[in-house]
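Student: sequence plus predicted model, see below.
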2 protein chains.
Amino acid sequence: MRFHSPSIQYFHAVRRTGSIRAAARLLNVASSAVSRQILKLEREVGSPLFERTARGLTLTTVGEMLARHVMNVLQDLDRFRSDVASLSGAWHGTISIACIESLTESVLPDLIASHRSRAKRVSFTTEVMGSSDVLEALRRGEADIGIAIALRHPPDLRQVALKRFRLGALVAREHPLARRKTVTLEQCLAFPVIQALPELSIYHLLQPLIAQLSETPEPAILANSIDLMRELAARGVGVAFQTQLGIIRLSRDAQLVFLPLDNAGSPVWSDLGIYVRAERTLPAFTDSFLQELVRELGERERRESAAYPHVT
Amino acid sequence: MRFHSPSIQYFHAVRRTGSIRAAARLLNVASSAVSRQILKLEREVGSPLFERTARGLTLTTVGEMLARHVMNVLQDLDRFRSDVASLSGAWHGTISIACIESLTESVLPDLIASHRSRAKRVSFTTEVMGSSDVLEALRRGEADIGIAIALRHPPDLRQVALKRFRLGALVAREHPLARRKTVTLEQCLAFPVIQALPELSIYHLLQPLIAQLSETPEPAILANSIDLMRELAARGVGVAFQTQLGIIRLSRDAQLVFLPLDNAGSPVWSDLGIYVRAERTLPAFTDSFLQELVRELGERERRESAAYPHVT
DNA sequence: CAGGTTGCTGCCGTTTCGGCAACAGCTATA
DNA sequence: TATAGCTGTTGCCGAAACGGCAGCAACCTG
C-alpha cells in the first residue's frame, strides 16, 4: 500500500534525519537515489528545499512548507490505512504519546492498562519530556497526542481540552505542616523546600510568587524530576510542590500529604492541556483513546474540586 | 510541481467522471493507462475501489475511504502551492463558492466586488443551488466555501459560523399589509400568497407553521426562485416570504416592504450556516475571504436585530 | 442486428528509478 | 599538516514502471 511517490517519503526521511545518507540507511536504498529525488523535488517546486551545510541539511522556508504538506499527507495516509483495516474487524495500531512527568504516576498507566484490557491490538509509545518539547514533538509528527502545561500553543496545534489542577505542597505525614488543610507559600518557606529547576513548569508557576515575597527560601534541594521530588518529600527532607495528579497512589497509602496552596487567598492553578496537530484527522482507534483521556482528566479535575472546594 | 503518483490523480479523475475513458479524455492520456493505474491501486490496497457496472464505475466503501484521503491530499497540495506562490508576493488563485439563492442579490456581489478591488488576482467561481446540494458540493470537493440553510451538517463539514435572520413577509408598497410593523402568518394568509416549492428551504420553515393553522392558504402562485418571488411581490401579485437578505437594494428603493413574521409572539428564524470541509486547511487567500464573509454576515445580522428588536 | 458504449489486456518504445563507483568539499583527529 | 571519515553529487547501466496503440469481450441502445 505505497501509492505515493517515493520522493515525498524520501523527503520526509531526510527532514527527520537531517542527512541524505542517514535517510538512505533508514530507507534501505542507495544515498544517490535519495539525493536524486530531493534534487528532482527542488526542480519541480522551483526552489531549494534544504540548505546544504558541511554536515547535513536544514530546511529552508519553502522546505518547511513542503514538510507540513508531506506530514499532512503521510499522517492522513496512516489514518486511511487504519480505516481500511478496521473495516475488516482488525482494530490495531500504535498510539504515540508525548507528555510531562506528572502523568506517569497514575493517570497514564491506569488509562493505558484499562484501554489495553479492552483493545489488545492497540499498542502505545509514550515519551516523557518538558512541556515545550511536547508541543515540538507534536509539530514534528513524532507524537499523536501531547499532554503539557497549557502554554500559548502554536496555531498548528489544537488544544483538545484544558483541565486545571491545584498546585499544592507535598509533605511527609510527620511534617509539622501535615495537619493543615491548606498552606500558603510563606508557611512552606519556613521549612526546607525542594525546588524545581527551570526546566520544570512548576518553576515558572512558583517563581513569580516567590519573587513577590520578602524572604528568600532556605536553600535545600534543586531537582528536575517530579519523581525524585516526591520521594524526597516522602522521606521528610522538605516541602515539594506539585499537582495532586502525581501522588494519588502514595497519598492513598498515607505516606504523603497533599496541601493545596493558597496565594493571597486564591488557589494556584496548574493548567494541563491536551494537544493534537490541528491539520490532521486521527485514526479511529487513536481518537477513541483521546476521548477517554479527556474524560479521565475531566473526572480527576471534578474529583479534586469536590475534595478541595474553592470560590471562584 | 507534480510530485504525487499519477495513480491518485487518475483515481480522482475517475471518481469525478465515473468512467475510466472519460477520465482518460480529461487527463489527455490513453484509457489503458488509467485502467492500469486503477487496477494497480486496487492491488495495493488489497480491495476493489470501484464497482464495475455496464456504464461506468461506482465507488465501493473502501473506494470512498480512499477518495476522502485523495481529496485531502490534493486539496492540501493546492494550499501548499498557493503558500509557495504567496511567498514570492503573488497572491492569486480561485475561490469556489456554493451558496443558496438568498445571497445573490446583495451579500455576495457586494463582498466579491469589494474583495476584488483589493486583491485583483483572486478570481471567483460561484454556483447557486439548494442547501443540501451546497453541502454535497463541499463534500465532493467541488467548492471551497458553502453557504446554506443550517441543517444538520455531516461530520466531515465544519460550520464556520451560524447567523440567524428573521423570516418575513414581502409585499409591495401599496399592499394593505404594508403599513404594519410586523405581521403574523394568519394575517398574510388572508391575501394571495406566493408559496415556495419544497426544493426551497423556506418551504420547510413555513410548512409546519401553516399546518398548525385551521385555514389553508388561498392558492396563488408556487415558485422555486427567490428572485421570481421577489419580483412578483413587487408587482403586487401577492405576499412572498423571505429573509431580508435578498431584498436590501429593493427595499431601499421603497418598492418592496419587508415585514418581520411573528408566530405565537416569537420571531421565525432562518439560520444561515457557513461551511467548509473539516479535513482541510484553506489557502491563505481563501481563508482571508472567508473571514470577510463571516464578518459581513455578522454585521448584517447585527443591523437587522437593531432594526427589528425582539425579546429572546 | 449494427453501432455505439464500457473496461481490460498483449505488445513495445520511452521514461524513470535505483545501485555502484568515483568525485569534490568539508571536519575532526592524529 | 596529513589522513581518515564524513558529507552531497554525478556518470554509467540494468531493471522496473509508464504510456500509447490496437484489439478483445461484454453491455446498452437504437
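Tutor: Structure received. Residues are numbered from 1 along each chain as shown, chains lettered A, B, ... in the order given.

Student: and the longest strand seen in chain A, C-alpha only, in PDB?
Tutor: Determined from DSSP state E, the single longest strand within chain A is strand A:157-172. In PDB, the C-alpha atoms belonging to strand A:157-172 read as follows (Å, rounded to 0.1, in the frame of the first residue of the first chain):
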ATOM      1  CA  LEU A 157      -1.700  22.600  17.200                       C
ATOM      2  CA  ARG A 158      -5.200  22.200  18.500                       C
ATOM      3  CA  GLN A 159      -6.000  22.300  22.200                       C
ATOM      4  CA  VAL A 160      -8.500  19.400  22.600                       C
ATOM      5  CA  ALA A 161      -9.100  20.100  26.300                       C
ATOM      6  CA  LEU A 162      -7.900  22.300  29.100                       C
ATOM      7  CA  LYS A 163      -8.100  21.000  32.700                       C
ATOM      8  CA  ARG A 164      -6.900  22.900  35.700                       C
ATOM      9  CA  PHE A 165      -5.500  21.300  38.800                       C
ATOM     10  CA  ARG A 166      -4.400  22.900  42.100                       C
ATOM     11  CA  LEU A 167      -0.800  23.300  42.800                       C
ATOM     12  CA  GLY A 168       0.000  22.200  46.300                       C
ATOM     13  CA  ALA A 169       2.700  21.400  48.800                       C
ATOM     14  CA  LEU A 170       3.800  17.800  49.300                       C
ATOM     15  CA  VAL A 171       5.000  16.900  52.800                       C
ATOM     16  CA  ALA A 172       5.600  13.700  54.700                       C
END
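
Student: list the residues that contact residue A:254.
Tutor: Under the criterion of CB atoms under 8 Å, 6 or more residues apart in numbering or on different chains, the neighbours of residue A:254 are residue A:173. For the C-beta atoms, the positions are set from N, CA and C on the backbone; glycine is no exception.

Student: any idea how far DNA strand C is from it?
Tutor: For residue A:254, the distance to DNA strand C equals 53 Å [CB to the nearest atom of the strand, to the nearest Å].

Student: may I ask you to confirm that that residue belongs to a helix?
Tutor: No - counting by DSSP: H, G, I helix; E, B strand; the rest coil, residue A:254 falls outside a helix, being coil.

Student: report pLDDT for it.
Tutor: Confidence at residue A:254, expressed as pLDDT, is 70.

Student: and residue A:217, by the same measure?
Tutor: 72.

Student: just the helices in the stretch 101-250 of chain A please.
Tutor: For the stretch 101-250 of chain A, applying DSSP state H, counting those that start in this stretch gives helices covering A:107-118, A:131-139, A:185-189, A:201-212, A:226-234, A:248-252.

Student: let's have those helices in a markdown table, adding distance to residue A:282.
Tutor: Shown next, in a markdown table, are those (distance: least, CB to CB, whole Å):
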| stretch | distance to residue A:282 |
| --- | --- |
| helix A:107-118 | 15 |
| helix A:131-139 | 12 |
| helix A:185-189 | 40 |
| helix A:201-212 | 26 |
| helix A:226-234 | 28 |
| helix A:248-252 | 28 |
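
Student: among those helices, which is nearest DNA strand D?
Tutor: helix A:131-139 (22.1 Å; CB to the nearest atom of the strand).

Student: go through the helices of the stretch 101-250 of chain A and find the least confident stretch.
Tutor: helix A:248-252 (a mean of 65).

Student: now do the buried residues in the next helix or strand after that helix.
Tutor: Counting by DSSP states H and E, the element after helix A:248-252 in chain order, helix or strand, is strand A:256-263. Judged by neighbour count (16 or more other CB atoms under 10 Å in any protein chain shown), strand A:256-263 contains these buried residues: A:256, A:257, A:258, A:259, A:260, A:261, A:262, A:263.

Student: which two among those residues are spaced furthest apart?
Tutor: Using CB to CB, these span at most 21.5 Å, a distance reached by A:256 and A:263.

Student: phi, psi for the residue most central in space within chain A please.
Tutor: Central residue of chain A (CA atoms, centre = their mean): residue A:99, 2.4 Å from the mean position. Backbone torsions of residue A:99, given as degrees, to the nearest 10, read phi -150, psi 170.

Student: how about it, nearest residue that isn't a chain neighbour?
Tutor: residue A:147 (3.9 Å; CB to CB, 6 or more residues apart in numbering or on different chains).

Student: now the angle from the longest strand of chain A to strand A:256-263?
Tutor: Strand A:157-172 and strand A:256-263 are oriented at 110 degrees to each other (axes from the mean of the first three to the mean of the last three CA atoms, to 10 degrees).

Student: partner strands of strand A:157-172 and their direction?
Tutor: strand A:240-243 (antiparallel), strand A:256-263 (antiparallel), strand A:269-277 (antiparallel) (DSSP bridges).

Student: what's the first one in contact with?
Tutor: Applying CB under 8 Å, 6+ apart, the external contacts of strand A:240-243 come out as A:102, A:165-171, A:188, A:193-194, A:196, A:202, A:206, A:226, A:229-230, A:232-233, A:261, A:270, A:272.

Student: residues contacting the residue nearest to residue A:99?
Tutor: A:97, A:98, A:99, A:100, A:103, A:134, A:272, A:273, A:274, A:275, A:293.

Student: which one of the helices of the stretch 101-250 of chain A lies closest to chain B?
Tutor: For these, proximity to chain B was assessed by CB to the nearest CB; helix A:131-139 is nearest, at 14.4 Å.

Student: give the buried residues for the closest one.
Tutor: Here helix A:131-139 shows A:131, A:133, A:134, A:135, A:136, A:137, A:138, A:139 as buried, counting by 16+ other CB under 10 Å.

Student: which stretch of helix or strand covers residue A:39?
Tutor: With DSSP H and E as the test, residue A:39 turns up in helix A:31-45.

Student: I'd like the next helix or strand past that helix.
Tutor: That would be, after helix A:31-45 and using DSSP H and E, strand A:50-53.

Student: and that following strand, what does it pack against?
Tutor: Using 3 or more CB pairs under 8 Å, 6 or more residues apart in numbering or on different chains; DSSP states H and E, the elements in contact with strand A:50-53 are strand A:56-59.

Student: ok and the residue in the stretch 51-200 of chain A nearest DNA strand C?
Tutor: Closest point on the stretch 51-200 of chain A to DNA strand C, by CB to the nearest atom of the strand, is residue A:54, at 3.4 Å.

Student: tell me the phi and psi of that residue?
Tutor: Dihedral angles for residue A:54 - degrees, to the nearest 10 - are phi -60, psi -40.

Student: neighbours of it, how many?
Tutor: 4 (other CB atoms under 10 Å in any protein chain shown).

Student: for it, give its distance to residue A:10.
Tutor: 22 Å (CB to CB, to the nearest Å).

Student: and residue A:128, by the same measure?
Tutor: Distance from residue A:128 to residue A:10, by CB to CB: 31 Å.

Student: quick check: domain ranges of chain A?
Tutor: A:6-82, A:91-163+A:271-307, A:166-267 (automatic domain parsing).

Student: now tell me which of those domains the model trusts least on average.
Tutor: domain A:166-267 (a mean of 87).

Student: quick one: end-to-end length of that domain, please.
Tutor: Separation of the first and last residues of domain A:166-267 by CA to CA, to the nearest Å is 7 Å.

Student: up against DNA strand D, what does the stretch 1-150 of chain A have?
Tutor: Within the stretch 1-150 of chain A, the positions lying close to DNA strand D (CB under 7 Å from any atom of the strand) are A:19-22, A:31-32, A:35-36, A:38-39, A:52, A:55-57.

Student: neighbour-wise, which one of those residues leads?
Tutor: Result: residue A:20 is most packed of those (other CB under 10 Å), 23 neighbours.

Student: I figured that one hits residue A:36, correct?
Tutor: No - counting by CB atoms under 8 Å, residue A:20 does not reach residue A:36; the two are 10.0 Å apart.

Student: and the residue nearest to residue A:2 when sequence neighbours are not counted, what is it in contact with?
Tutor: In space, and not counting its chain neighbours, residue A:2 is closest to residue B:44: 6.8 Å by CB to CB, 6+ apart. Under the criterion of CB under 8 Å, 6+ apart, the neighbours of residue B:44 are A:1, A:2, A:3.
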